[in-house]
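A.B. asks: Starting from these lines, generate the structure:
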Amino acid sequence: MFQAPSLSPLRRARTLRAAAVLAVVLGLLVWWLAPDGRPEPRGRVVFSTGVPTGVYQRYGELLKEALGRDLPEVSVALRDSEGSQQNLARLASGDADFTIATADAVATYLREDRPGADRLRGCARLYDDYVQLVVPRDSPVRSARDLRGKRVGVGQDGSGVRLLADRLLAGAGLEGADELIPVSAGIDTMPELLEQGRLDAFFWSGGLPTTAVQQLSDRFPVRLVPLEEKLIGELHRTGYPHYRSAVIPGDAYPAAQGGKPVPTVAVANLLVTSEDADAALTEAFTRTVIGSRDRIGGKVHSAQLVDLRTAIYTDPLPLHEGARRYYHSVKP
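C.D. replies: Residues are numbered from 1 along each chain as shown. I've put the predicted structure just below:
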């Protein structure tokens, strides 16, 4: 019987050391490619954002850059939208893979059991949107009730702004068709319409500051109308619990506020996907959202408010399994 020659002790030691080094190198390579041993996410995803001059769009652009660094094998395509309601419809129909939507828009989508509602899943609570009721500085409008008979920009039909404006106006007793003149327009056109005198006021709901409102206030005299706390009570009484009282800081729009804070209404924004989204991709997507907070927040102020301690609370949506994995991985 053939018997392989035995190695000398020195050669055996060298062989064992080489094998150990190779094992370490292979282990590091596997870790680098996929920290948990799963294949690195790859493919193409569609991220539905918002109107071109809104915070959703700017946030999406910066998040796309961050994802390009963290997930080089994933191609991200951004799609403009009218806002939260259209974003959710795209997600539910499979026309988008990830999006941002306000919690009240999500709750409405679920309550009305719209197509695909049961498939929606949360990834992260992001930052709050603040309602901004903008009027010319010399306007007689001092509260939402004073909008009676006025031409008011209420957001586009598929936007969260439209949803919220309709509810606030109803809370102020202005829900009848003859109470005011609602104008369907987005933040990309409402400032110009106000400046031209074709609107008397407009509603906007977004992060602070919103570029379009800031630029308007720098070139045209405007102010923000306070939204009283009792409007919140009315919203809660009529079945909309996702709104809260908030204050727009005096330095959000210096030219419009004169350094004075303005009471308003706020609602949380959620990063949303569907239950069909790949768990590894969703986990990586969520990790980048949280990890890029400071980088994105340097250019989109509201993104600085993304907080790991509260991001997990995506009510009214359950967490996607991939997002749950991420939060478990960073749990102290």
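A.B. asks: So what's the gap between stretch 256-264 and the chain middle?
C.D. replies: In terms of CA atoms, centre = their mean, to the nearest Å, the centre of stretch 256-264 is found 24 Å from the chain centre.
A.B. asks: which residues touch that stretch?
C.D. replies: 130-134, 137, 213, 217, 222-229, 245-251 (CB atoms under 8 Å, 6 or more residues apart in numbering). In short, each C-beta sits where N, CA and C put it, glycine included.
A.B. asks: Name all residues that make contact with residue 318.
C.D. replies: 121-122.
A.B. asks: how close does it sit to residue 279?
C.D. replies: Here the criterion is CB to CB, to the nearest Å. By it, residue 318 lies 14 Å from residue 279.
A.B. asks: Where helices are concerned, which of the contacts of stretch 256-264 count?
C.D. replies: Counting by DSSP state H, the contacts of stretch 256-264 place 213, 217, 229 in helices.
A.B. asks: residues near the first one, how many?
C.D. replies: Using other CB atoms under 10 Å, residue 213 has 24 other residues around it.
A.B. asks: Would you confirm that it contacts residue 204?
C.D. replies: Yes. In this structure, residue 213 is within contact of residue 204 by CB atoms under 8 Å, at 6.2 Å.
A.B. asks: Can you pull the residues that touch both of those two?
C.D. replies: With CB under 8 Å, 6+ apart as the test, residue 213 and residue 204 both reach 132, 134, 187.
A.B. asks: So what pairs up with the second one in the strands?
C.D. replies: According to DSSP bridges, the residues that bridge with residue 134 are residue 202, residue 224.
A.B. asks: if I look at it, how far off is residue 91?
C.D. replies: Counting by CB to CB, the gap from residue 134 to residue 91 is 30 Å.
A.B. asks: Equivalent analysis for the first one, please.
C.D. replies: Summarising the geometry, the distance separating residue 132 from residue 91, computed by CB to CB, is 26 Å.
A.B. asks: Any idea which residue is closest to the centre of the chain?
C.D. replies: Residue closest to the average C-alpha location in the chain (CA atoms, centre = their mean): residue 100, at 3.9 Å.
A.B. asks: Spell out which helix or strand contains that one, please.
C.D. replies: Per DSSP states H and E, residue 100 falls inside strand 98-102.
A.B. asks: Touching stretch 184-201 from outside, list them.
C.D. replies: Outside stretch 184-201, the residues that touch it by CB under 8 Å, 6+ apart are 51-54, 82-83, 133-136, 139, 141, 147, 150-157, 159, 161-162, 183, 202, 204, 206, 210, 212-213, 215-216, 219-220, 222, 225.
A.B. asks: what do you get if the cut-off is 7 Å, keeping everything else the same?
C.D. replies: 51-54, 82, 133-136, 139, 141, 147, 150-157, 159, 183, 202, 204, 210, 212-213, 216, 220 (CB atoms under 7 Å, 6 or more residues apart in numbering).
A.B. asks: Can you dump the C-alpha atoms of stretch 207-221 in PDB for me?
C.D. replies: Listed in PDB are the C-alpha atoms of stretch 207-221, where the atom choice follows Å, rounded to 0.1, in the frame of the first residue of the first chain:
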ATOM      1  CA  GLY A 207     -39.400  69.900   6.700                       C
ATOM      2  CA  LEU A 208     -37.900  73.100   8.000                       C
ATOM      3  CA  PRO A 209     -36.900  75.100   6.200                       C
ATOM      4  CA  THR A 210     -38.400  74.300   2.800                       C
ATOM      5  CA  THR A 211     -36.300  75.800   0.100                       C
ATOM      6  CA  ALA A 212     -39.300  77.100  -2.000                       C
ATOM      7  CA  VAL A 213     -40.800  78.900   1.000                       C
ATOM      8  CA  GLN A 214     -37.400  80.300   2.100                       C
ATOM      9  CA  GLN A 215     -36.700  81.700  -1.400                       C
ATOM     10  CA  LEU A 216     -40.100  83.200  -1.600                       C
ATOM     11  CA  SER A 217     -39.700  85.000   1.800                       C
ATOM     12  CA  ASP A 218     -36.300  86.300   0.700                       C
ATOM     13  CA  ARG A 219     -37.800  88.000  -2.400                       C
ATOM     14  CA  PHE A 220     -41.400  88.800  -1.400                       C
ATOM     15  CA  PRO A 221     -42.900  90.000   1.900                       C
END
